[in-house]
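Chemist: could you work out the structure for the sequence below:
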Amino acid sequence: MGNTFGHLFRVTTFGESHGGAVGVVVDGCPPRLPLDVHDIQKELDRRRPGQSAITTPRQEADRCEILSGVFEGQTLGTPILILVKNQDARSQDYQDMATTFRPSHADATYQAKYGIRNWQGGGRASARETIGRVAAGAIAKKILQQVAGTEIIAYVERVKDLQAQVDPERVTHADVESNILRCPDPDITPKAIELIEAMRREGNSVGGVIGCVARSVPVGLGSPVFDKLEADLAKAVMSLPASKGFEIGSGFAGTLLTGREHNDEFYCDDQGRLRTRTNRSGGIQGGISNGESIVLRVAFKPTATILQPQRTVNQAGEEVVLNPRGRHDPCVLPRAVPMVEAMVALVLCDHLLRHQAQCRLW
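Modeler: Now for the predicted structure:
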């Protein structure tokens, strides 16, 4: 039903925005990985609502509980269930949406497909579902760090038409977390925050682009033909709410170059490792990681819920004007940063386990 992601490292998320709880079941995590609730909570704190003036004011502590799969501070190799209870849902704010389709939401398509939908906060289509992804991603990050020293850093690269200047090879987590926007460019950040605050006051929203780099990725992850690493990364990040575009390496800008300009020439470094002088491939060639940093970008649309009147129709097919209520992000980007990191981590961790299973004898 589309609720499970991965092959060997498999995650299944559950829960709705205004239900009793949301969470995830992680299956395939290797045993004896040191893990406690704090490893997961620190990532959920980066994703939670109400963390700054430019995010939704919904107040959720998002405190997680590990209900299975961990014993005496280590994973057992059995399924790990992580639960986060919903505590600040205000379902009454969505009463008008019970029979009215919100523009650019999942309301109409869910109704057409299933004949029923949870209209309270968007139900399963809400970004609140991503709590499970971020929790599972925290485990995946820890596996990648322990096995390969892999580091994954996402950051806000553009807000509307305000473009940040970021070097993926030099950006640090401290740079990203130095401000509420999670943009490592100090020159553009104040302007972008001011723009988002203006949109919030107007009851409007803006979108933008999140960049992400994964450094120290092992060579050999990914499989031809349909399981290419960039294909799985694209599916992963494009499954996030509000995502609208994906680029890796040179992306669409690469179409403006000639082959001579675009090709990444090889050389051997001082340790005899095959390297590329440039990284327009974005760390992946032929669908397989080449050991260079994986660099990708994800485009996110403006938040669909805006607090302004909009024309729409109800379930009876009558034209109406919707006056939305509720608490929503004027820009999804700051909270989407840990979501992108999580999805990249899930893909890389799954492919790492698959690579070891396929190639360890050799």
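
Chemist: helices or strands next to the host helix or strand of Ala112 in the packing?
Modeler: For Ala112, the host element (DSSP states H and E) is helix 107-114. If contacts are counted by 3 or more CB pairs under 8 Å, 6 or more residues apart in numbering; DSSP states H and E, helix 107-114 sits against no helix or strand. Placement of C-beta: from N, CA and C, glycine included.

Chemist: how far out from the middle of the chain is that helix?
Modeler: Relative to the centre of its chain, helix 107-114 is centred 24 Å away, using CA atoms, centre = their mean, to the nearest Å.

Chemist: which other residues reach it?
Modeler: 97, 100-101, 117, 119, 122-125, 315 (CB atoms under 8 Å, 6 or more residues apart in numbering).

Chemist: all helices of the stretch 251-362 of the chain, in order?
Modeler: Using DSSP state H, counting those that start in this stretch, the helices of the stretch 251-362 of the chain run over residues 259-262, 333-359.

Chemist: those helices: which one's closest to Glu169?
Modeler: Taking CB to CB, helix 333-359 is the member of these nearest to Glu169, at 16.3 Å.

Chemist: so for that closest one, mean pLDDT?
Modeler: For helix 333-359, mean pLDDT is 96.

Chemist: list the buried residues of that helix.
Modeler: Using 16 or more other CB atoms under 10 Å as the test for burial, helix 333-359 gives 333-355.

Chemist: hang on, Pro31 packs against Gln74?
Modeler: Yes. Between Pro31 and Gln74 there is a contact at 7.3 Å, judged by CB atoms under 8 Å.

Chemist: got a winner among the contacts of helix 107-114 for most neighbours?
Modeler: Counting by other CB atoms under 10 Å, Gly122 has the largest number of neighbours within the contacts of helix 107-114, with 26 neighbours.

Chemist: quick one: it and Phe101 touch, right?
Modeler: No. Counting by CB under 8 Å, Gly122 does not reach Phe101; the two are 12.0 Å apart.

Chemist: circling back: of the contacts of helix 107-114, closest to Ile196?
Modeler: Closest to Ile196, out of all of the contacts of helix 107-114 and judged by CB to CB, is Gly122, at 21.1 Å.

Chemist: do you know how far the closest one is from His328?
Modeler: Distance, Gly122 to His328, by CB to CB, to the nearest Å: 10 Å.

Chemist: just curious, which of the contacts of helix 107-114 is nearest to Asn263?
Modeler: Of all the contacts of helix 107-114, Asn263 sits closest to Ala125, with 41.9 Å by CB to CB.

Chemist: report pLDDT for the closest residue to the closest one other than its chain neighbours.
Modeler: Distances taken as CB to CB, 6 or more residues apart in numbering place Ala106 nearest to Ala125, at 3.7 Å, with adjacent residues excluded. On pLDDT, Ala106 comes in at 91.

Chemist: for Gly211, what are its contacts?
Modeler: Neighbours of Gly211 in contact, by CB under 8 Å, 6+ apart: 154-157, 166, 168, 295-297.

Chemist: show me the shaky parts of the stretch 201-350 of the chain.
Modeler: Per-residue confidence for the stretch 201-350 of the chain (pLDDT under 70) gives these ranges: 326.

Chemist: apply 90 and report the result again.
Modeler: 305, 316, 322-329 (pLDDT under 90).

Chemist: which parts of the next helix or strand after the helix holding Ala112 are buried?
Modeler: Counting by DSSP H and E, the element after helix 107-114 in chain order, helix or strand, is helix 130-148. Going by neighbour count (16+ other CB under 10 Å), the buried part of helix 130-148 is 130-144.

Chemist: for Glu157, helix, strand, or coil?
Modeler: What DSSP: H, G, I helix; E, B strand; the rest coil gives for Glu157 is strand.

Chemist: and it, how many neighbours does it have?
Modeler: Other residues within reach of Glu157, judged by other CB under 10 Å, total 24.

Chemist: what residues does stretch 62-69 touch?
Modeler: Stretch 62-69 has contacts (CB under 8 Å, 6+ apart) with 23, 26, 29, 35-37, 40-41, 44-45, 47-49, 75-76, 78-85, 131, 135.

Chemist: buried only: go through those for me.
Modeler: Buried by 16+ other CB under 10 Å: 23, 26, 29, 35, 40-41, 44, 47-49, 75, 80-85, 131, 135, out of the contacts of stretch 62-69.
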